[in-house]
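Enquirer: build the 3D model from these lines:
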Amino acid sequence: MLCMVPAKADYLEDQVSGFPLQVIAHRNPGLLPMRVSQGVITQKRVRFLLDVWFKDNIFGIPGDEDGGGMSAFVVFSSMGLYPVTPGLPHYAITSPVFERTTITLPNGKTFAIVAKGTSPQRKYIQKAYLNGTPLDAPFITHHDVVSGGTLELVLADLPNREWGSKAVVPQ
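Expert: Here you go, the predicted model:
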């Protein structure tokens, strides 16, 4: 599990220049509250970061690109998944930007993430289905992805604080 970032720690001052540093969460997205019981907060904050900080305009990616780390955050999060802990074979499910994303796998299979009606307002996951089976946890495994199939997310304007709240954190 990852730690919460206190509200007062959102901005830090650069010790050399005195200028405010970038918002912690978009410099280090791993600091987002990806705890299982706080999926609603994660869905809200990830969409905020994607909608406000990561744009396809002159401002691009804020701060240092970190050798691909920020781009990976944008790509994964826009799809609705994020590998929370490097080296562990599971992905957190979060609010996707696209209604449909299809990953073509080396084994010839595909893995699709479907989120009909996703929008900046409709960002909260109400239900999830993996290959038609209800999914009560806000994460899937790497095996689920490479096996191919479909992750379907039902989204709404208001959060569903029950979905995923009783899930056991994968180890």
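
Enquirer: all contacts plus neighbour counts: C-alpha atoms, from now on.
Expert: Will do.

Enquirer: quick one: name whatever helix or strand follows the worst-scoring helix or strand of the chain on mean pLDDT.
Expert: Using mean pLDDT, DSSP states H and E, helix 24-27 stands out as the lowest-scoring helix or strand of the chain, at a mean of 45. Sequence-wise, the next helix or strand downstream of helix 24-27 (DSSP states H and E) is helix 39-52.

Enquirer: avg pLDDT for that following helix?
Expert: In this model, helix 39-52 carries a mean pLDDT of 75.

Enquirer: wait, Val84 touches Ile93, no?
Expert: No. Between Val84 and Ile93 there is no contact under Cα atoms under 8 Å: 9.8 Å.

Enquirer: the more surrounded of the two?
Expert: Ile93 (27 against 22; other Cα atoms under 10 Å).

Enquirer: beta partners for that one?
Expert: Ile93 forms beta bridges with Leu81, as assigned by DSSP bridges.

Enquirer: settle this for me: it is touching Tyr82, isn't it.
Expert: Yes. Assessed by Cα under 8 Å, Ile93 is found in contact with Tyr82 at 6.7 Å.

Enquirer: okay then, goodbye and thanks.
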